[in-house]
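*Asks:* next input, structure requested:
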Amino acid sequence: MEKSCSLLIYFDKGTPAIANEIKEALEGNDDYAKIEAMKKAIMLLLNGETLPQLFITIVRYVLPSEDHTVQKLLLLYLEIIEKTDAKGKVMPEMILICQNLRNNLQHPNEYIRGVTLRFLCRLNEAEIIEPLIPSVLQNLEHRHPFIRRNAILAVMSIYKLPQGEQLLVDAPEMIEKVLSTEQDPSAKRNAFLMLFTCAQDRAINYLLTHVDRVPEWGELLQMVVLELIRKVCRTNRGEKGKYIKIIISLLNAPSTAVIYECAGTLVSLSSAPTAIRAAANTYCQLLLSQSDNNVKLIVLDRLNELKSSHREIMVDMIMDVLRALSSPNLDIRRKTLDIVLELITPRNINEVVLTLKKEVVKTQSGELEKNGEYRQMLIQAIHSCAIKFPEVASTVVHLLMDFLGDSNVASAIDVVVFVREIIETNPKLRVSIITRLLDTFYQIRAARVCSCALWIIGEYCLSLSEVESGITTIKQCLGDLPFFSVSEEGEASDSSKKVQQVNATTVSSRRPAVLADGTYATQSAASETAFSPPTLVQGSLSSGNLRSLLLTGDFFLGAVVACTLTKLVLRLEEVQPSKAEVNKVSSQALLIMVSMLQLGQSSVLPHPIDNDSYDRIVLCIRLLCNTGDDIRKIWLQSCRQSYVKMLADKQLRETEEIKAKAQISYAQPDDLIDFYHLKSRKGMSQLELEDEVQDDLKRATGEFIKDGDDANKLNRILQLTGFSDPVYAEAYVTVHHYDIVLDVTVINRTKETLQNLCLELATMGDLKLVDRPQNYTLAPESSKQIKANIKVSSTETGVIFGNIVYETSNVHERMVVVLNDIHIDIMDYISPAVCTDVAFRTMWAEFEWENKVAVNTVLQNEKEFLEHIIKSTNMKCLTASSALDGDCGFLAANLYAKSVFGEDALVNISIEKQADGKLSGYIRIRSKTQGIALSLGDKITLKQKGGS
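*Replies:* The predicted structure follows:
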């Protein structure tokens, strides 16, 4: 059985030392050789060797040594050797050490005294300690602070021993006297810590007597004071008032560690607005004054917690929090923006947006490597501000439109999506946005941004001048027609093989993409990047962005150009009185579409036009040749109406979520209302009064009472052995994010005493045991609570298994009872989360682990099955409820969740109803790590039946 150890040293097992060599070196007179030999002996002892033959050699040759390093190593050796025999009695040879320790405690050298006192802190044998106590107490009054502080620690550890109160009856009184006269900050802290752990009432008494001097105490002592206040207030909430004053006074301490602890203590003890405001101010100061990124992230986490429980106070701090954007670290900036976006109100929106605009402008000038990513974050933040408060849109939309030609495609897409939403929700801005968009259109380089911008031009150019400008802009960006000459086609057909080889790498990198409904489609990489045009085709980048993108073979964009031109011509018919002008423009549009079809079917490009784009362009040509009122209505009205419906759905979803959060009510209709103006003040300060009122409110709203916990506890109790086993065991499992606590109750069912009873556990998966198992003795029919801590390092279903081993007096071999396995549920680690469609698809393409589960259920309704899976897996459905409406016998939805370790879990459900009414299809799970994909798959397989 391994014993606990207070010392850890790295040991290279490849070079074992031999006991005889060590012995020879110790018997010599060379101090350096003795030091090396002692080090080797200590390492061997720590790795399980016993070396009994060395003890007498060390007593004879090492004890008398005057060398300080040798003496220090001797104390380490004494710390780790076995001092008791099998029955727990102190070995007689240990008496030899006692005299040496007493001499050391009276040694003229301070270092020797200090390290010996330090060694006594780790001794548990009362028989060895007892004769040394007078020498220890003498050192409490030594002139040197190093000795005094170690003497106080030694007194504390002796007093905490099982027989400590008999060995040192009046220790607390002595330490209290020492504390009143001590000047050294470290010794003072140790003395106060001793009173705090061994005689709490004396510590409280001392603190309240010297309450005015607390701000002048050293940092170490102030930290212990805060620890004492937390402990006292947890056990006796009624006395909070006087302690909160002490914390408030410490908020001005010079030490950042102290003020951080003060703020945390304030938040945990009080809900008074004054106290919370003081804590929030402190956190904001730390956020700006500390340069360490880890500190900033921790402080932002604290502010985030405050935001969820005291939003109205945090709203006033929003500008202080925003100053954290000055840090170059992206994680800090992201966290800051997340906190700020939830604190926006009509009062502060203008200030916030102004700050964000300044930050966007800064990203243009600086040459930081992650500027593009930061700009994208800022654009998304401004977007959400403008959606919540439409009146600020006019101040930001024109600034953001400068970034439509951004080299970072993702941020340019964010800008164009923002513009599309603003132009619909803010009709007043329509004219200025369209004018600006037509001016900057030629700068756009990415195909996806072009497509969206073209849609905006087609839908929102309404007046005659706008429609004409729109058509002119598109013609300019397409350049001169045709896109290639006949002679070039002849040349191209001869050398087409060469061209195809050259371009194969650029254009044909095709990969499956996930559409919004969860289905797969093949997309060409050409749709996302702007390539240089093939050498055979005339027309350079200077002739226009649309032309260069078309010449890379992006015919989806060609189809969008055709649709936009069609809409503009149809609108021109409504606003242009001259029929001849309309016909002229219409024929030009037809020429452009035919040229695109010609380009797509020629051998100039390595890939011909795809069927979808071909059909779309042909449809536009037919429509322009033969327009009717019904078709005009579909093209000019229906398209916009479906976009408006999509925006309305999005808004409805958001308001429903806000309502659901607001509906959680703690108070009952007949609850008591407390008017604190009528409260007796009894000489209370404003802060104490506020605190009392907040406590009363919490009591009234049921925040102190958690009814659901008891029922929950019963669900978490697992039976580990059978009722007929000699030892009955059951475990209560508590999961705290990164660790699991097993509270195991063991009951002796026999009439005999069980000796050396040990709970041995082992784990499978990313679980690690923290504690070493201990041995217990269990009387007949008695019980014992055993706690085991297990660390968790990733999200996957872990298994804990083990057995209980014990001995009885009449059977010599050890008995073993095997325990049931404990399965740790993945659901304890994942929680529903939200992400955008684009982010979902990006992650879906990147994550390499996929688990495909076939649908096998007794449920016959698609929506019921989806609800059942959402409930079973603790995930959030990202697909809009409007997209799931109707009854078509088919359903596709995306689900998303995040684990406490920051891992993403993506699920795509695709099901259809068969002719016999049964559901069939697949559930695909993707994640970055294998564990989460497999564990979620197992969970779904287990739960999907839906019958229970």
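*Asks:* how close does D439 get to Q106?
*Replies:* Per CB to CB, to the nearest Å, D439 is found 92 Å from Q106. C-beta here means a position set from N, CA and C on the backbone, and glycine is covered the same way.
*Asks:* ditto for N820
*Replies:* Taken as CB to CB, the span from N820 to Q106 is 59 Å.
*Asks:* neighbour count for the two, which is higher?
*Replies:* Between N820 and Q106, counting by other CB atoms under 10 Å, N820 is the more crowded of the two (16 against 12).
*Asks:* please name the bridge partners of L895.
*Replies:* When bridges are taken as DSSP bridges, the partners of L895 come out as C877, V907.
*Asks:* which ones are touching it?
*Replies:* I869, I870, T873, M875, K876, C877, L878, L906, V907, N908, I909 (CB atoms under 8 Å, 6 or more residues apart in numbering).
*Asks:* and for L590?
*Replies:* Counting by CB under 8 Å, 6+ apart, L590 has contacts I621, L624, C625.
*Asks:* could you redo the last one with a cut-off of 6 Å?
*Replies:* Taking CB atoms under 6 Å, 6 or more residues apart in numbering, we find L590 in contact with L624.
*Asks:* one more: L591?
*Replies:* Contacts of L591 by CB under 6 Å, 6+ apart: none found.
*Asks:* on the three-state scheme, it is what?
*Replies:* Following DSSP: H, G, I helix; E, B strand; the rest coil, L591 is assigned to helix.
*Asks:* I'd like to know which helix or strand in this protein has the lowest mean pLDDT.
*Replies:* In the chain, no helix or strand scores lower on mean pLDDT, DSSP states H and E than helix 496-507, which sits at a mean of 39.
*Asks:* element containing V415?
*Replies:* helix 409-425 (DSSP states H and E).
*Asks:* correction: the previous question concerned G931.
*Replies:* Secondary structure from DSSP H and E places G931 in helix 930-943.
*Asks:* buried sites along that helix?
*Replies:* G931, I932, A933, L934, S935, L936, G937, D938, K939, I940, K943 (16 or more other CB atoms under 10 Å).
*Asks:* below-threshold pLDDT in the stretch 101-250 of the chain: ranges please.
*Replies:* 238 (pLDDT under 70).
*Asks:* now do the helix or strand S249 falls within: which elements does it pack against?
*Replies:* Using DSSP H and E, S249 sits within helix 240-250. Using 3 or more CB pairs under 6 Å, 6 or more residues apart in numbering; DSSP states H and E, the elements in contact with helix 240-250 are helix 219-235, helix 256-269.
*Asks:* L286 contacts L297, doesn't it?
*Replies:* No - here L286 does not reach L297: they are 11.7 Å apart, not a contact under CB atoms under 6 Å.
*Asks:* more crowded one of those two?
*Replies:* Taking other CB under 10 Å, L286 and L297 do not tie; L286 has more neighbours (19 against 15).
*Asks:* how close does that one sit to I81?
*Replies:* For L286 relative to I81 (CB to CB), the value is 47 Å.
*Asks:* same question, T734
*Replies:* 38 Å.
*Asks:* check Q106 too.
*Replies:* 24 Å.
*Asks:* how is the protein partitioned into domains?
*Replies:* Here the domain parsing of the chain from the TED database is 711-823, 826-942.
*Asks:* now find how far off-centre the shortest one is within its chain.
*Replies:* Looking back up the chat, that one is domain 711-823. 32 Å (CA atoms, centre = their mean, to the nearest Å).
*Asks:* what's the separation between the closest residue in space to M156 that isn't next to it in sequence and E125?
*Replies:* Leaving aside its sequence neighbours, M156 sits nearest to M194 (CB to CB, 6 or more residues apart in numbering; 4.0 Å). Per CB to CB, M194 is found 21 Å from E125.
*Asks:* looking at these two, which one has more neighbours?
*Replies:* M194 (26 against 15).
*Asks:* show me where the stretch 251-400 of the chain has helices.
*Replies:* 256-269, 273-289, 293-309, 311-315, 318-322, 330-341, 349-365, 371-388, 393-401 (DSSP state H, counting those that start in this stretch).
*Asks:* now the stretch 701-850 of the chain
*Replies:* 708-715, 837-846.
*Asks:* out of these, which gets the lowest mean score?
*Replies:* Least confidently modelled of the helices of the stretch 701-850 of the chain is helix 708-715, at a mean of 58 by mean pLDDT.
*Asks:* ok, back up a step: just the angle between the helix holding S249 and helix 273-289, please?
*Replies:* 30 degrees (axes from the mean of the first three to the mean of the last three CA atoms, to 10 degrees).
*Asks:* what's next to helix 240-250, contact-wise?
*Replies:* V214, P215, Q222, I229, C233, C262, T265, L266, L269, S270, E688.
*Asks:* please pick the buried ones from these.
*Replies:* V214, Q222, I229, C233, C262, T265, L266, L269, S270, E688.
*Asks:* how far away is the third one from L767?
*Replies:* From I229 over to L767 the distance is 36 Å, taken as CB to CB.
*Asks:* one step back: same for the helix holding V415, what does it pack against?
*Replies:* helix 371-388, helix 393-401, helix 447-460.
*Asks:* buried deepest among those, which one?
*Replies:* helix 447-460 (a mean of 22; mean count of other CB atoms under 10 Å).
*Asks:* just the C-alphas of the helix or strand following it, formatted as CSV.
*Replies:* Sequence order places helix 464-478 as the next helix or strand after helix 447-460, per DSSP H and E. C-alpha atoms of helix 464-478 as CSV (Å, rounded to 0.1, in the frame of the first residue of the first chain):
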residue,chain,number,x,y,z
LEU,A,464,-35.8,55.8,-63.2
SER,A,465,-32.4,57.2,-62.5
GLU,A,466,-31.6,54.4,-60.0
VAL,A,467,-32.6,51.7,-62.5
GLU,A,468,-30.6,53.3,-65.3
SER,A,469,-27.5,53.6,-63.0
GLY,A,470,-27.9,50.0,-61.9
ILE,A,471,-27.9,48.7,-65.5
THR,A,472,-25.0,51.0,-66.5
THR,A,473,-22.9,49.8,-63.5
ILE,A,474,-23.5,46.1,-64.4
LYS,A,475,-22.6,46.8,-68.1
GLN,A,476,-19.4,48.6,-67.0
CYS,A,477,-18.4,45.7,-64.7
LEU,A,478,-19.0,43.1,-67.4
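*Asks:* buried residues of helix 464-478, list them for me.
*Replies:* E466, V467, E468, S469, G470, I471, T473, I474, K475, C477, L478.
*Asks:* right, and the domains of the chain - which one's nearest I349?
*Replies:* Closest to I349 of the domains of the chain, according to CB to CB: domain 826-942, at 22.2 Å.
*Asks:* centre of the chain to stretch 209-218, how far?
*Replies:* Computed by CA atoms, centre = their mean, the chain-centroid distance of stretch 209-218 equals 39 Å.
*Asks:* and it, end to end?
*Replies:* 17 Å (CA to CA, to the nearest Å).
*Asks:* residues touching that stretch, excluding its own?
*Replies:* By CB under 6 Å, 6+ apart, the list of residues contacting stretch 209-218 reads P185, I246, S249.
*Asks:* flag the shaky bits of the stretch 251-400 of the chain, pLDDT-wise.
*Replies:* 366-369.
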